[in-house]
Structures are given as structure tokens and as C-alpha cells.
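**Q** Predicted model and sequence follow; I will ask about them next.
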Amino acid sequence: MNFKKADTVLNLNNIRDELVRMEDTIIFNFIERSHFPSCPVVYAKDHPGLPIPDFDGSFLDWALLHMEKVQSQLRRFESPDETPFFPEEILKPILPSINYPQVLASYAPLINYNDKIKHIYEEEIVPLISKYEGNQSENYGSVATTDIACLQSLSRRIHFGKFVAEAKYQNDKELYAKLIRAKDVNGITENITNAAVEEKILERLTLKADVYGVDPTNKEGERRITPEYLVKIYKEIVIPLTKEVEVEYLLRRLGDDA
Ligand SMILES: C=C(O[C@@H]1C=C(C(=O)O)C=C[C@H]1O)C(=O)O
């Protein structure tokens, strides 16, 4: 997939191959996070244990905001597959703009699930992938750094649903136009769902987690991420959120054709 070549981007097989590659990134980011305890202080707003002057938010919010400011100046958010957590705060790149061909509908950048992704990550995913419940002040910086990697890889994966939706729309405009006009959310959800692909993803994740999640030279070693938890995260969070992105993108699609 080459975002400068539109025809490679809206090929559903290319998109699915890219989603498979993202599995490895997400698993390894989760493994890095699993070395540290949950560190709830990192996610608490205005916590006395972690004072941040002149900032209204948590330590993770502060770290993620400043990381995105630098990354935006390195042109990260010009890329159509990157969605910022603080879209109002990103800065102008210091690198020259790349004129990517427009592949998605013009409103695509407005579909931003990152607030929901961050909330679910803090409330549901961290308790599953962290080493144990508790704070460890010497690792607050490492925890925020690994959290940012986890969040950005989850965000890219879930917002890739826009490319999936556009590819499916292009493959059957008549079907989706009818469902969109009827505002048939259930019908759209049913038609974008591919149970066989989802099943294969969950099977592959079990195998990957089993190999990546433990020291291969010592099968009895400490598990750094369990296959059960990884499948649970994908089945109950990642895949449903990806489909929500697909549906929201499609519901607005005819307005862009006008
Ligand atoms: C991403 C796709 O759309 C849906 C979402 C999937 C996912 O998030 O993994 C997998 C299959 C579909 O139900 C696809 O068709 O590949």
C-alpha cells in the first residue's frame, strides 16, 4: 500500500494485509507496557502525586499532547492514516507538504474516535496488559511513553476503518447508497461485517500472542501478554470500534458525492 498511489490504497486485500501487519506493532507495544504496573497516577487529572504546572489534564494527556506537537511538525498528521488525539493543538510541519492523492471523502479527518479510544485504553486495556495493580513512581515516564505507542498504534488500526469503508463503498455503491439513504445502520453493519475475516484474525492473534508473549527459550517463563487477553481486546474493543468507524464514515458518504 502506497498512499501516494490511490489505486493501491483502496484495494481491500492490501488494506487487510496492512491490518495484519499492525497486529505485530500492537502486540509488541502491549508487551512493552506489560513490564510496568498499572500506574493509575499517570491517568489521574491534577493528581497531587504528579503535579503538572499550568496544565488541565493527566500526566499522560500532557505527554501525548507534547509528543503530538513535535510529531505534527515532522509531518505525521499529513499522512491520511494518522489521526491526532489533540487535533486542535497540532502545529504546521517544518517539512514541505506531501500532496497525497485524496482517497477518502473530504470529511474523513472529522471522524476521530481518539477520545473514546483513550478512555477505553485507560479503563479496560491497561488493567489487562499491565504487570500488576499499583504505582511505581520511577517508571511514570516509561509508562507514558509506552502508553503513547499503544494508543497511536490502536488509533491507526481503528481509524483504518475509513479505508475499509471507502473500499467497500467503491465495490458496491448501489447497495451502500440504498442503505445510507435509508439510514439503515443495522443493514450497513451487517454488510460491512465479514465474520470469516474476523475469525481468522482472532485465531492468528492467539498464535502470535503465544509466541511473542513468552520467552521462546523458556516456555515456563513469565507470560508478558496472554493470548486470552489479546483476543478479548480485539474481539470486544478493536474490531467493534473499527466497525463503528466504518459505519459512521459510510453514513455521511453520499453527502460527499453530491
Ligand atoms: C476490516 C474489515 O471490516 C470488518 C472489521 C474487521 C476488523 O476490524 O478486523 C474485520 C472484518 C470485518 O468484519 C474487513 O472487512 O477486512
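**A** Received, thanks. Numbering: from 1, shown residues only.

**Q** When you work out contacts or count neighbours from here on, use the C-alpha atoms and nothing else.
**A** Will do.

**Q** Run through the residues of the protein sitting next to the ligand.
**A** For the chain, the contact set with the ligand under Cα under 6 Å from any ligand atom comprises 16, 164, 192-195, 197-198, 239, 242-243.

**Q** Restricting to C-alpha, output the helix or strand of the chain with the lowest mean pLDDT in PDB.
**A** The helix or strand of the chain with the poorest confidence is helix 253-257; it has a mean of 83 (mean pLDDT, DSSP states H and E). Extracted in PDB, the C-alpha atoms of helix 253-257 (Å, rounded to 0.1, in the frame of the first residue of the first chain):
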ATOM      1  CA  ARG A 253     -20.700   9.200   2.300                       C
ATOM      2  CA  LEU A 254     -23.500  10.400  -0.100                       C
ATOM      3  CA  GLY A 255     -23.100  13.900   1.100                       C
ATOM      4  CA  ASP A 256     -19.600  13.900  -0.300                       C
ATOM      5  CA  ASP A 257     -20.800  12.500  -3.700                       C
END
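
**Q** just to revisit the earlier point, any chance of the residues of the chain next to the ligand in TSV with pLDDT as columns?
**A** Below are the residues of the chain next to the ligand laid out as TSV (pLDDT from 0 to 100):
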residue	pLDDT
Arg16	96
Val164	98
Ile192	98
Thr193	98
Asn194	98
Ala195	98
Val197	97
Glu198	98
Ile239	98
Thr242	98
Lys243	98
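
**Q** Just the buried residues of those residues.
**A** 164, 192, 239, 242-243 (16 or more other Cα atoms under 10 Å).

**Q** possible to save these as JSON lines with secondary structure?
**A** Formatted as JSON lines, those follow (DSSP: H, G, I helix; E, B strand; the rest coil):
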{"residue": "Val164", "secondary structure": "helix"}
{"residue": "Ile192", "secondary structure": "helix"}
{"residue": "Ile239", "secondary structure": "helix"}
{"residue": "Thr242", "secondary structure": "helix"}
{"residue": "Lys243", "secondary structure": "helix"}
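
**Q** Which stretches in the stretch 151-258 of the chain count as helices?
**A** Using DSSP state H, counting those that start in this stretch, the helices of the stretch 151-258 of the chain run over 161-171, 173-181, 185-192, 195-212, 227-233, 239-251, 253-257.

**Q** Over to Ser58: give its phi and psi.
**A** Phi and psi for Ser58, reported as degrees, to the nearest 10, are phi -80, psi 170.

**Q** got the angle for the helix or strand where Gly141 lies vs helix 239-251?
**A** Element membership for Gly141 (DSSP states H and E) is helix 140-159. Interaxial angle, helix 140-159 versus helix 239-251 (axes from the mean of the first three to the mean of the last three Cα atoms, to 10 degrees): 50 degrees.

**Q** helices or strands up against helix 140-159?
**A** helix 12-33, helix 59-73, helix 114-120, helix 239-251 (3 or more Cα pairs under 8 Å, 6 or more residues apart in numbering; DSSP states H and E).

**Q** Mind putting those helices into JSON lines with distance to Ala6?
**A** Below are those laid out as JSON lines (distance: least, Cα to Cα, whole Å):
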{"stretch": "helix 12-33", "distance to Ala6": "12"}
{"stretch": "helix 59-73", "distance to Ala6": "23"}
{"stretch": "helix 114-120", "distance to Ala6": "25"}
{"stretch": "helix 239-251", "distance to Ala6": "18"}
